[in-house]
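**Student:** One predicted model, sequence on top.
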Amino acid sequence: MTVTTEAVALSVYSVASGIALTFAAMAARLAWRRRHVPGGLFLGVNMLGAAVWVACAVAEVCSTSTAAILLSAKHRYLGIAVTAPSWLLFALGYAGFWPSQRKLRALVLGMLAIIPFVTVVFVFAAPDCPYMWSAIYPSAPGIGQPLLVEHGPWFTVWAAYSFSCTLGGAVVLLSSVVRRRGVAFLSQIVILIGAVLIPTGASILRLLKGDVLGGIDLTPAAIAACGALVWLGLSRHNVLCTTPALVPMANATMLRDMRDVVVVTDQRWAVVAANLSAERILGRSQKALVGESVFDLFAGIKQMVASAGGAERNTVPIQTMITDVSGSKRWLEIVASPIGNGGNPIGRVLVMRDITLRKRLEEKLIHSSLHDQLTGLPNRPAVRSLIAQLLDESTPTCATQPLSVLALNLTRFRVINGTLGYEAGNIVLRQFADRLTANAGGAIYPARLEGDRFAVVLAGQDEVASLSTAGLLREQLAEPFHVGGQQVLLSVSIGIATSPQHGSDAEELLRRAEVACSAAREDIQRLRVYRADTDSDTRERLALVADLQTAIREGSLELHYQPQIDAVSGRLVRVEALARWQRSDGEMIPPSEFIPLAEQNGWLPLLTQWALDAALHTFGGKGGQGSGVGVAVNLSAISLRDPTLPSVVEKSLRRAGVSPDGLWLEITETSVMRDPEQARRVLEAMRGLGVRLAIDDFGTGYSSLSYMSQLPVSDVKIDRSFVRDVNTRRDHRAIIRSTTTLAHELGLTVTIEGVETAEEFACARELGCDCIQGFYVGPPMPADDLERWAFSRYSATDYWPDRSRQREHYLRHHAERCAGPGPTSSGLASTPTGTQPGPGKGPQAGHHVPGAPHRPHPGAA
């Protein structure tokens, strides 16, 4: 009976060993194919060691001689020695704890290899070396007789090492699940831990009860189950395809390959790590950077820390300039984020983005908006800002030094344009500017206001000194100009205004210098100092203020509407409401005159309320039936400082029954920059109502488009000054194109103003503008004329909702007009009142006369 049991046991053992060998080999092959995955190589080694262990164990029990049994038993330890440490190494790599530094990896491998190497040496040296096997008891030759040994003192060290590696690997895998809460990895790790615990239990059983089944090692049978589990994990549960180490590896790869500079510091702001971008921009290796203070590497960070006031969570970006390894200047935007929780971080991560290109674009836009594109001199907004700066009471020199402003005007300059052409005129203007620049320096600042009008600011010069300087300038500017081999003689008129005698406001001082310049045209010497008694504006202003007050009280102001169309489809997008005032004597007062008067006298809130109600009522229709066309209303700087403005707008919308998205509010960049924070609050409140916002007259102020994009605006309107000569001036085209491109990159649409010719229209569309406004499309006109303009331009079924009622009203109204006194041509209607055909008006300005053959407009297909 005993023989039969042993035979059956041997048969079972042999079958299990064969299965174990097969699964171990298959698992080793699969793991080897995925050796590039963290831990994959070590799992392959582990399974290969298990296969060697099983093969030698089978050879041991199947051998018939003592020498063969001893040889197989010793070779079995080649597989046993690598199984435990390779399992631990696999767990470290799989869980993402395997170090990335080569030296550290070599150190770990060397330390883990010491005990297995010594163990194998002691086994092969036995029985002469009794440390591993102190005694060997050969069994009687025959199949099924394993080698019986008595373990020496080193076996205890080996057993502790082996079980520590096995259990340590299991703990690492379990901790990765707990730490990452990786449900996706749970099934993988359960399979792997089960695969290692089964043979480990068999080994423990052999150590505690070595006489089971006559001393035959049950570990190979356990390895059969281990191999089956590992093969199942590799083939069915994505072991080595998706591992917990994936995220750490991805983070390391992202940090290494990021285009942004990333620097990790300790608590003392000393560098502990840096990515490749940091190495490239600083021209130093990570090893050389480690230990360096970021305060020495990047200027501005120390100020950022000081401005944070100890707030460890401050992540407000700062901008600083550095010099890279090539000697080039670069702008960096730096954000510092603390590492760790609580108020005492263990370090910080500094992410630095190269914004050099953005800075250059901003500088280019700012320069373009503050300088004349023809001459390169500062323009009117720039010189106005300079005068204001020099007049600022906080300037130390203001209280002790006078300031003079010279306004210069070239007489008979239009003759040059008319006889020699505009290009010749441009040459003269550039030569004139060069002469002014040659005399500049120190406290003399030249500028071009517009056209043939220039200005020179004289800091520290009183009236007497400025008269002397003006005389010298007049003599030098009287020299002939040379155009195409031809001499051109021009005279210059100069007006002088001095602070504080003639004013202490920049706009007032500049205006009075221009008033004096206009008077100098009638003077023999072409030189005049400002005199209040010759300033007709002063006396007229008093009467103008009184008439404006009456007009506001009696409601005699009116709104005209200028259309804005889509540049591609020609669809009517919206209209801009423009205030108009005709005095009782029939004189038309432009908004540039009466709007400032209203601001100065505190009437602007009333005008704003009136404009909103009138525009929304016109386009809201009766009973809330809107026209379907958006309407834009201009807001001033004073309106932006009014905290009640959002409620005023909301009430106007409610009274008119108009959807908020049908109302556009236009603000100039200059008005925003007077009080940016207050403007932002008011604009965000109105954007919250659903009202849309646009930046008007862009390019005439001194703000950047990137800053304007931070406001809740949807549209940028390029100032009309850039449209002039756009077909002949490449600089104007470049400005419009760059502004349009940058605006589109920032998610804004672009409207261009002042388009007066078909060539300008085509050029604006070519340069990428979204909407077009100007006399070529249509002049500002009353609401009734706008309705006739729309019906003459578009069909009765396009772009004008509530079509049947609107069309019926138009036809009836038109029939009444045609039936009036006086003969009329059959089928033709007269030009709308107040609009005479000519440049920028009538049909040439985008009007199509009702009853005449319809002429398609460019972009209106």
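**Tutor:** Right, received. Where do you want to start?

**Student:** Which residue is the nearest non-sequential neighbour of Val264?
**Tutor:** When the adjacent residues along the chain are set aside, Val264 lies closest to Ala273, with 4.1 Å between them (C-beta to C-beta, 6 or more residues apart in numbering). (Glycine included, C-beta is placed from N, CA and C.)

**Student:** so the one you found is in which element?
**Tutor:** strand 271-274 (DSSP states H and E).

**Student:** chain center to that strand: distance?
**Tutor:** With C-alpha atoms, centre = their mean, to the nearest Å as the basis, strand 271-274 stands 27 Å off its chain's centre.

**Student:** quick revisit: hmm, the residue nearest to Val264 is touching Lys287, no?
**Tutor:** No: with contact defined as C-beta atoms under 8 Å, Ala273 does not count as touching Lys287 (10.7 Å).

**Student:** of the two, who's got more company?
**Tutor:** A direct count of neighbours by other C-beta atoms under 10 Å for Ala273 and Lys287 places Ala273 higher, at 16 against 9.

**Student:** quick revisit: separation between the residue nearest to Val264 and Gly347?
**Tutor:** To Gly347, Ala273 is 9 Å away according to C-beta to C-beta, to the nearest Å.

**Student:** Give me the common contacts of these two.
**Tutor:** Common neighbours of Ala273 and Gly347 (criterion: C-beta atoms under 8 Å, 6 or more residues apart in numbering): Val264.

**Student:** residue ranges with poor pLDDT in the stretch 101-250 of the chain?
**Tutor:** Residues of the stretch 101-250 of the chain that meet the criterion pLDDT under 70 lie in 138-146, 176-250.

**Student:** Please repeat the previous calculation with a cut-off of 80.
**Tutor:** Applying pLDDT under 80 to the stretch 101-250 of the chain flags the ranges 101, 136-149, 166, 169-250.

**Student:** try the stretch 301-450 of the chain
**Tutor:** Along the stretch 301-450 of the chain, the parts satisfying pLDDT under 80 run over 301-318, 322-327, 340-345, 393-401, 439-442.

**Student:** hmm, back to that, next up, the contacts around the residue nearest to Val264.
**Tutor:** Counting by C-beta under 8 Å, 6+ apart, Ala273 touches 263-264, 286, 290.

**Student:** and what of Ser714?
**Tutor:** 692-694, 748-749.

**Student:** can you tell me which of the residues you listed lies nearest to Ala513?
**Tutor:** The closest of the contacts of Ser714 to Ala513 turns out to be Ala694 (C-beta to C-beta; 33.1 Å).

**Student:** where along the stretch 601-750 of the chain do the helices fall?
**Tutor:** Assigned by DSSP state H, counting those that start in this stretch, the helices in the stretch 601-750 of the chain fall at 604-620, 637-640, 645-656, 669-674, 676-688, 705-708, 730-745.

**Student:** before we move on, back to that, what strands flank the strand holding Ala273, and is each parallel or antiparallel?
**Tutor:** strand 261-266 (antiparallel) (DSSP bridges).

**Student:** Can you go through the contacts of Ala273 and name the buried ones?
**Tutor:** Neighbour-count burial (16 or more other C-beta atoms under 10 Å) is assigned, among the contacts of Ala273, to 263-264.

**Student:** So among the contacts of Ala273, where is pLDDT lowest?
**Tutor:** Across those, no position has a lower pLDDT than Gln286, which has 78.

**Student:** I'd guessed Trp154 sits against Thr119; true?
**Tutor:** Yes: using C-beta under 8 Å, Trp154 is in contact with Thr119, at 6.9 Å.

**Student:** which residues do the two both contact?
**Tutor:** The contact sets of Trp154 and Thr119 overlap at Met132 (C-beta under 8 Å, 6+ apart).

**Student:** Ala679 against Val672, yeah?
**Tutor:** Yes: at 4.6 Å, Ala679 counts as touching Val672 under the criterion of C-beta under 8 Å.

**Student:** related to what we said a few turns ago, would you reformat the contacts of Ala273 as a markdown table and include distance to Pro381?
**Tutor:** Converted to a markdown table, those look like this (distance: C-beta to C-beta, whole Å):
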| residue | distance to Pro381 |
| --- | --- |
| Val263 | 41 |
| Val264 | 46 |
| Gln286 | 48 |
| Val290 | 50 |
